[in-house]
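A.B. asks: Just the structure for this:
(2 chains)
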There are 2 protein chains.
Amino acid sequence: MAKDNKEKLVEAITSMDEDFAKWYTDIVIKADLVAYGGVKGFTVIRPYGYAVWENIQLILNQMFRDTGHENVYMPLLIPESLLNKEKDHVEGFAPEVAWVTHGGKEELTERLCIRPTSETLFCTHYADIIHSHRDLPKLYNQWCSVVRWEKTTRPFLRTREFLWQEGHTIHATKEEAEAETLQMLNIYAKFCEESLCIPVIKGRKTESDKFAGAVSTYAIEALMHDGKALQAGTSHYFGDGFARAFDIRYQSRDNKPEYPHQTSWGVSTRLIGGIIMSHGDNEGLVLPPAVAPVQVVVIPVAFHKGGVLEKTEEIKAALQSSGLRVKLDDSDSSVGSKYAEYEMKGVPLRVEIGPRDAAEGKCVIVRRDNREKAFVPIENIAAEAERILGDYAAAIYKKALDNREQHTYRCKSLDEITEAIKANGDGFVKAMWCGSPDCEDKVKEQTGVGSRCIPFDGEHIADTCVCCGKPATDMVIWGNAY
Amino acid sequence: MAKDNKEKLVEAITSMDEDFAKWYTDIVIKADLVAYGGVKGFTVIRPYGYAVWENIQLILNQMFRDTGHENVYMPLLIPESLLNKEKDHVEGFAPEVAWVTHGGKEELTERLCIRPTSETLFCTHYADIIHSHRDLPKLYNQWCSVVRWEKTTRPFLRTREFLWQEGHTIHATKEEAEAETLQMLNIYAKFCEESLCIPVIKGRKTESDKFAGAVSTYAIEALMHDGKALQAGTSHYFGDGFARAFDIRYQSRDNKPEYPHQTSWGVSTRLIGGIIMSHGDNEGLVLPPAVAPVQVVVIPVAFHKGGVLEKTEEIKAALQSSGLRVKLDDSDSSVGSKYAEYEMKGVPLRVEIGPRDAAEGKCVIVRRDNREKAFVPIENIAAEAERILGDYAAAIYKKALDNREQHTYRCKSLDEITEAIKANGDGFVKAMWCGSPDCEDKVKEQTGVGSRCIPFDGEHIADTCVCCGKPATDMVIWGNAY
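C.D. replies: The predicted model follows:
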């Protein structure tokens, strides 16, 4: 009976080898992360999915606070004239914004767009509050939703509305602003690797791939199960371009008017998509402990017998008092269907306890990632669970890293790129580049992979550009991206 | 010098007796709570104001969680056809929503409104996920921003965009849903009284004042400094009206299709307006300790002398380790301007320490509300600060309650109402009512006060309606409202 139930549920997910995209959306729906809303590209983030996001917020908020950032809230709507102030910025965003034209029954005298990002709003505010070098820096962050009218959509990865944080900072000098840009990229990388167990590559975007209005854009790039790249976070240095466009000036120490330098940086609910495609398997989600809404589920086996339920309460209390997020499931569903449900939901550890275990004062801890079982004395449950969660986090990180290594191809010619991908599937291609946008386009046209970033720790693959054969300036990571 | 600075700042606020509305907006701006955005009715909530909101969120979130509620996120936009599904609801909200008509360059086939509230979205989702009695109840809450196209706006009190939480729950029975509605009203009242130090009256709204689509609406009403009422939170019972309109049905235990019963309840950033107008004075904001971003500010007097700075660090550390939110201001501004700044910002306690105090191992704690000073040994600083914060919270609550009592008038005729307000200013009028909407309108027309609520603990003022003289059914609280 138990087995039947489990198999019924597992059958309901498409295998990732069969259809990766279908496997992804199956998990999103069946793990209760998301439900579809009434409008294309707008989703309901259900309690289980939202709890993952709240855990992401909690950790990042602390990292932002520790580096001196403050949270603010800017208006939802941007007047068209304001969006138009910075030339590159408006060109990048105007084609994909949602326009409000009426308030109640009245037609507005000026259209307002729903923020696709808030540079223009922060700049307006900065122009208002910054007058002296004593007003600098301002290190602001905002948690909110934004809207971009995308053509094709997929839950978490590309939605018309998504939740994110956008940091916006303003500094007296170029050096300070550039240091901030890199500091935040490093915070994102640390967060992804340590809290989400997702290995990332830090690097700079090429000119053609920069954020609209940025002098330089940095990103962290991760490789998913299927060999496609996911841009997991970006950090931009704006120079004084926005300050000039919005006339933000400050009086320097020697009483001269100066333009300040700005940054912005963001991560979004897209990270949840990254978690799914980095760690998930054919039984469902596999969650990193740091953001799992439930870290340990306790399941009594035959719980009407031999004091089992009392023991599960004892286990729950011990785990909770050591700070773990625990759920005790003593509902009357079958044990097998419970196992399947919490596997689908990616709960890292499952504690099973039956009458014989209870009598012997022990229980079983089962890992979600590799199904390894450990027989643990109940008196040590909290310490053992913490130890195993540590091993689990390290293991899923390593698995994702191994996958990336296996799908990283060092290539010296366009043919080598094509062959590597043909032989091993999508992945990260490491190849040299001369810096010309033409070659960047040609690589994409002829091999299908676009530039992901110029990593900070590039290797020396060759002396010459993989495309034109002229002297190379950089090693680029190329790939097919979400 | 110090004194000059202080007086300069204080002069900058309009006295509340001179112009209450101006006093209010002066505080909002000068305490760095809000800055005006580019669009009427849309404000920037600055770090200091947003930190108050985050503290409100933290406390309420815990109260919601303790009563079994889960957070979710629903789409920002509602298709026009969806808004139209519940007749009363659309009539209430359609005139004041913002309409999105274009996505990028394309005109949409159906207009979408920015959510003014999310009943229609929750109902659509509930119709999707609720099938059996086993799926009930769902106790959901959402933190988000909403937009209502108001004609006249004022920061926090009435803005076109505001931040709030909206709880939406769905239950198998009427009794359960009604109990939930009242439970949440009680949570709001407890929060306002204990965390915001604002006394509130709990009651039911009259028919004419109900939420669009509700069977019954309950509210908590507070009285501001100027004698005007503020509706601080509402909780609605919907019966099965929305369930019928959205075709949400569940299979009961005896296998019959049934309509579930729903509730919704919300509080918003309006509460910050309530804090200002309940506790503020002519020097600025006065914050309740539970939500103050800084509970204690430590200010060294002549800090280059006699180990003062070392002592302030010691004081800060002691306060922080007992869990208080502390700021040490050792900037080179004058002491007087610092005093004025933190008074404006409503920081509950100020610790002053000069060279002589430092030598004697003591410091001074000054309360923001009444300027009372206490000389405290540094070794007792944390315990003393906590004790004084407790006294302070009780004192500002009592002051607000005294103000309400002084401005509560028990009236038996319309003339008595007019005279009481003429003699003592705006306030809460307690008077009997026959239950007729006509009388409700007449009271408003002839005396200027509208019905605020029918309180749960109404007094017996008379046997007959204050307006028509027919037998009274209820005591109503009447007032002029924000």
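
A.B. asks: who's in contact with the helix or strand hosting residue A:363?
C.D. replies: Taking DSSP states H and E as the criterion, residue A:363 maps to strand A:362-367. The list of residues contacting strand A:362-367 from outside it, by C-beta atoms under 8 Å, 6 or more residues apart in numbering or on different chains, reads A:311, A:315, A:348-353, A:357, A:372-378, A:381, A:384-385, A:388, A:391-392. Every C-beta, even on glycine, is put in place using the N, C-alpha and C of the backbone.

A.B. asks: By neighbour count, sort out the buried ones in the residues you listed.
C.D. replies: A:311, A:315, A:348-353, A:357, A:376, A:378, A:381, A:384-385, A:388, A:392 (16 or more other C-beta atoms under 10 Å in any protein chain shown).

A.B. asks: Run through the residues of the stretch 201-350 of chain A sitting next to chain B.
C.D. replies: Applying the criterion C-beta under 8 Å from any C-beta of the partner chain, no portion of the stretch 201-350 of chain A neighbours chain B.

A.B. asks: which residues does the residue in the stretch 201-350 of chain A that chain B sits nearest to contact?
C.D. replies: Across the stretch 201-350 of chain A, no residue is closer to chain B than residue A:269, which sits at 8.8 Å (C-beta to the nearest C-beta). For residue A:269, the contact set (C-beta under 8 Å, 6+ apart) comprises A:45, A:53, A:156, A:159, A:162, A:163, A:164.

A.B. asks: Go back to these and keep what's next to chain B.
C.D. replies: Within the contacts of residue A:269, those near chain B by C-beta under 8 Å from any C-beta are A:45, A:53, A:163.

A.B. asks: Next, work out how far apart residue A:17 and residue A:447 are.
C.D. replies: 24 Å (C-beta to C-beta, to the nearest Å).

A.B. asks: re earlier: let's see which of the contacts of residue A:269 end up in strands.
C.D. replies: Among the contacts of residue A:269, the ones falling in strands (DSSP state E) are A:45, A:162, A:163, A:164.

A.B. asks: who wins for neighbours among the residues you listed?
C.D. replies: residue A:45 (27 neighbours; other C-beta atoms under 10 Å in any protein chain shown).

A.B. asks: re the thing from before, now do the strand holding residue A:363, average pLDDT.
C.D. replies: Strand A:362-367 carries an average pLDDT of 97.

A.B. asks: downstream neighbour of it in the secondary structure list?
C.D. replies: With DSSP H and E, the next secondary element past strand A:362-367 is strand A:373-377.

A.B. asks: helices or strands up against that following strand?
C.D. replies: Here strand A:373-377 touches strand A:362-367, helix A:381-406, going by 3 or more C-beta pairs under 8 Å, 6 or more residues apart in numbering or on different chains; DSSP states H and E.

A.B. asks: most tightly surrounded among the ones you listed?
C.D. replies: When the helices and strands packed on strand A:373-377 are scored by mean count of other C-beta atoms under 10 Å in any protein chain shown, the highest mean neighbour count falls to strand A:362-367 (a mean of 20).

A.B. asks: Just checking: what are the partner strands of that one?
C.D. replies: With DSSP bridges as the test, strand A:362-367 is paired with strand A:349-353 (antiparallel), strand A:373-377 (antiparallel).

A.B. asks: Any chance of these in CSV with mean pLDDT and distance to residue B:326 as columns?
C.D. replies: Below are the strands paired with strand A:362-367 laid out as CSV (pLDDT from 0 to 100; distance: least, C-beta to C-beta, whole Å):
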stretch, mean pLDDT, distance to residue B:326
strand A:349-353, 97, 39
strand A:373-377, 97, 43
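
A.B. asks: now the ones you listed as CSV including distance to residue B:251?
C.D. replies: What follows is the strands paired with strand A:362-367, written out as CSV (distance: least, C-beta to C-beta, whole Å):
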stretch, distance to residue B:251
strand A:349-353, 30
strand A:373-377, 38
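
A.B. asks: In terms of helix, strand or coil, where does the residue sitting nearest the centre point of chain A fall?
C.D. replies: With distances taken as C-alpha atoms, centre = their mean, residue A:271 lies nearest the centre of chain A, 1.9 Å away. Three-state call for residue A:271 (DSSP: H, G, I helix; E, B strand; the rest coil): helix.

A.B. asks: Excluding chain neighbours, what is closest to residue A:247?
C.D. replies: Distances taken as C-beta to C-beta, 6 or more residues apart in numbering or on different chains put residue A:127 closest to residue A:247, at 5.9 Å, once the chain neighbours are dropped.
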